[in-house]
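Trainee: here is the input, now give the coordinates:
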Amino acid sequence: MAERQWEKTYPAGVSWQLDVPAKPVYAILDEAAVKWPKNPACDFLDKKLSFADVLDLADRAAKGFQELGVGPGVHVGLFLPNTPHYLAAFFGILKAGGTVVNYSPLDAEAELQHKIEDSQTDIMVTLDLKLLYPRMAAMLGRTRLKKLVVGGLPDFLPFPKNLLFPLVKGKDIAKFPLDDKHVRFKDLVANDGRFEAASHGDLKDEVAVLQYTGGTTGLPKGAMLTHHNLIAATTQFKNWTGGDNPILDEGKERILTVLPMFHIYCLTVILLNGMAGGAELILHPRFELDDVMRDLGKKQPTVFPGVPTMYTAILNHPKAGETDMSSLKSCNSGGAPLPPELQRAFEDKSGCRITEGWGMTETCSPGTANHPSMQPKAGSAGVPLPGIVIEFTDVDEPEKVLAYGERGEICITGPNIMKGYWNKPEETAEAFRGGRFHTGDVGYMDEEGYVFIVDRLKDMILSGGYNVYPRNIEDAIYEHPAVAECTVIGVPDEYRGQAAKAFVALKEDAEPFTLDELKAFLADKIGKHEMPAELEIRAELPKTPVGKLSKKELYAEEDEKRAGAQQAVG
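Mentor: The predicted structure is shown next:
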C-alpha cells in the first residue's frame, strides 16, 4: 500500500501534517472578537452584528443558561433556522459548559420525540413561528423536555422591520404563555454576561455537540462530536484553503449562508470555519430562491457553499442571466454527487468553479475535497484532507485492508472522527472495527490519491443534500391499513439528485391508492424531504430465499428502465 499517495496532489504550501490547537469550540468566537471586533460577523435581513456584538450575546446567553441550570452533562436542544439566535445559543451553551443537540425542523414528530428522549434534552431553544413553536410545545407534556426558550425574528430585525414584522407576518406567529415552562429569549440574555467560566478536562473526551444521523439502520443515532473533533475539522479546512495561494482572505470574506446550521455541513464549513477566518455570514432562514438571487447581486458574497439542487435552481431562475455573480471566488458542493454538466454551466455563468467534497456527520464533515488549483476528475470526491487517512477494506472481510486501486469499504481515521454513538456502545464498536471508522460507502482511490465513491453498503438516499433513510419511510407506509408489504429505494431525480420510490403490495381486497393519497397519509409521519416521489403498486415484491424483502432486483429494474428511456430519447 502506498503511503499517503494523495500528498503529491496537494496544492503548493498545503501540508498533510495537522497541528490541532487544544481549545474549546467557543474559543473560535472569542479569538475572532479580539482580531476583528468591529467587523460584521453576520447580516440577518440587513441587520448586521459585529463579532463583538455576537460575543456579547453569547456571554449573556451563557449566563442565562447557567441560571436555568445548564452546565456539564446538561443537553440543550436547538430547534432553529439560520438566525442570530442560533449563534448566541450555540456558543452560549458551550460557554455555560453544556452540550448542544441539533434538531432539524424537517423532522417528523416521531423523530423529534425519539431524539429528545434519546439525547436527554431538557431545554430547547426555538422561535415563536407557527412552523416551529407548536411542534415543540407539544413535546413539553409528551417527553422529558422541561423548558422552552422562545425567541422571535423581530429580536434581530433592523428598524423599522422589527416593528412591522408582527403586523405584516402576524399570521405566522404563534403565541406562547409566560409560565415556568417558557422563557423569552430576550429575557434569557437580559443580564451582564458575567457567566462562570466552564472548567474543561480532556477536550478529546468532552462532547460539544450531539449530531443525529440515521447510520445503517435508519434509526437516529447521536454522533458524539467533541471539542477536539470540531476544532480539528476547522483546522483542516483552514489548512486546506491556505497554502502558497490561499483561497480566502481573513477578515474579508462574505459567505452566503443558506445551508441550515443545524446540519453538520453548515455547522463546520460555514459557521465555525467562517468565524475562524473573520468572515461575514449572510444569514438566510431558509432557501427562498428569489431572496438568494437578490443577495447574490446586491450583497456580493464571495463564498457560497451549497448542494447541487441549489445551484440548479439558481441557474434556472428567470433572473439568472442578469444577476451579477462576479464577486464569487469560492463555491463548494456537498451532500450529493455534483453532475459535471451542472458544474460547467454554473462556472460559465458565474466565473467561479464549484469544488466538490465528501464527508459525514461522524467525521464532523471533513473527509475529502477538491481544491480550485487541482485538476478536477469527473466523478471524484477529491483527495483526503490534512490529517486524514483513508483506507479501503474488503466488504466481506472488514478487517482486511486492500491495496489502493481496489474497491472496498471506505474507512477513515483522523482527529475529526467522532468519539462514538451516544449510548450505543455496540454500534460504536461495530463502526470502529480494526481501529478505523467504517463509513458504509464503497469506493476506490486512484494513483494520484483521488477518491471515487461507487456504491453504498447502506440504503441511505441522498435527496437534495439531506440523508433520507428508507426504513423511516417504510415504517410510516406500513401504518396504512391497505399495505401488506412495502420497500423503498432511491431513484435518480433531476432536481434532488435522488428521491425515494415506494413499492407496495396491498392486503387482500384492499383498494389501491395514488401517490398523492399516499403523501397525504404520510404528511404527519415523515419529513417533506423524505416524501416518496414515485409509487408503484405490485401484486408481490421480490424476496430473498429466506423470505426477506430484497431491494437489489428493484434497483436493477429501475436502472434498466432508465437506461432504456435514455436510449429511446437518444
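Trainee: all contacts plus neighbour counts: C-alpha atoms, from now on.
Mentor: Fine.
Trainee: does M418 touch T363 like I think?
Mentor: Yes. Judged on C-alpha atoms under 8 Å, M418 makes contact with T363 at a distance of 6.0 Å.
Trainee: find residues that contact each of the two.
Mentor: Between them, M418 and T363 have no joint contacts when contacts are counted by C-alpha atoms under 8 Å, 6 or more residues apart in numbering.
Trainee: partners of the residue lying closest to E206 once chain neighbours are set aside in the sheet?
Mentor: Spatial nearest neighbour of E206, excluding adjacent residues (C-alpha to C-alpha, 6 or more residues apart in numbering): T226 at 5.3 Å. With DSSP bridges as the criterion, the beta-bridge partners of T226 are V207.
Trainee: please verify my assumption that T226 contacts G420.
Mentor: No. T226 sits out of contact with G420 when judged by C-alpha under 8 Å, with a separation of 9.7 Å.
Trainee: higher neighbour count, those two?
Mentor: Of the pair T226 and G420, T226 is the one with more neighbours under other C-alpha atoms under 10 Å, namely 27 against 21.
Trainee: got the contact list for the more buried one?
Mentor: 203-209, 418-419 are the contacts of T226 under C-alpha under 8 Å, 6+ apart.
Trainee: try 10 Å
Mentor: Shown in contact with T226 (C-alpha atoms under 10 Å, 6 or more residues apart in numbering): 24-25, 99, 202-210, 232, 364, 416-420.
Trainee: wasn't D56 part of a strand?
Mentor: No. Counting by DSSP: H, G, I helix; E, B strand; the rest coil, D56 is located in no strand; its state is helix.
Trainee: excluding its backbone neighbours, what's nearest it?
Mentor: Nearest-residue entry for D56: G193, 6.9 Å, with adjacent residues in sequence omitted and distances by C-alpha to C-alpha, 6+ apart.
Trainee: which SS state does the one you found fall under?
Mentor: Classification of G193 using three-state DSSP returns coil.
Trainee: quick check, V14 in contact with W240.
Mentor: Yes. In terms of C-alpha atoms under 10 Å, V14 counts as a neighbour of W240; the distance is 6.3 Å.
Trainee: and K349, that's in a strand?
Mentor: No. Note on K349: no strand contains this position according to three-state DSSP, which reports helix.
Trainee: can you tell me how far it is from D290?
Mentor: K349 sits 17 Å away from D290, going by C-alpha to C-alpha, to the nearest Å.
Trainee: same check on L29?
Mentor: Applying C-alpha to C-alpha, one obtains 31 Å for the distance of L29 from D290.
Trainee: what do you get for A27?
Mentor: The separation that A27 has from D290, given C-alpha to C-alpha, amounts to 36 Å.
Trainee: before we move on, what SS does A61 have?
Mentor: When the structure is split into helix, strand and coil by three-state DSSP, A61 lands in helix.
Trainee: what's around it, how many residues?
Mentor: Neighbourhood size, A61 [other C-alpha under 10 Å]: 32.
Trainee: in this structure it contacts G97, no?
Mentor: No. In this structure, A61 sits apart from G97 without contact. The criterion is C-alpha under 10 Å, and the distance is 11.9 Å.
Trainee: tell me the residues that contact both of these two, please.
Mentor: Any residue near both A61 and G97 by C-alpha under 10 Å, 6+ apart counts here, and that gives F91.
Trainee: hmm, back to that, which one's more surrounded, L29 and D290?
Mentor: Taking L29 and D290 together and counting by other C-alpha under 10 Å, L29 has the greater number of neighbours (22 against 13).
Trainee: wait, the more buried one sits on S50?
Mentor: No. No contact is recorded between L29 and S50 when judged using C-alpha under 10 Å, the distance being 11.2 Å.
Trainee: which residues are in contact with each of these two?
Mentor: Common neighbours of L29 and S50 (C-alpha under 10 Å, 6+ apart) are A41.
Trainee: report how many residues lie close to the closest residue to L140 other than its chain neighbours.
Mentor: Using C-alpha to C-alpha, 6+ apart and skipping residues adjacent in sequence, the residue nearest L140 is K146, 6.1 Å away. Taking other C-alpha under 10 Å as the criterion, the count of residues near K146 is 15.
Trainee: also the one 5 residues further on?
Mentor: Per other C-alpha under 10 Å, the neighbour tally for G151 reads 22.
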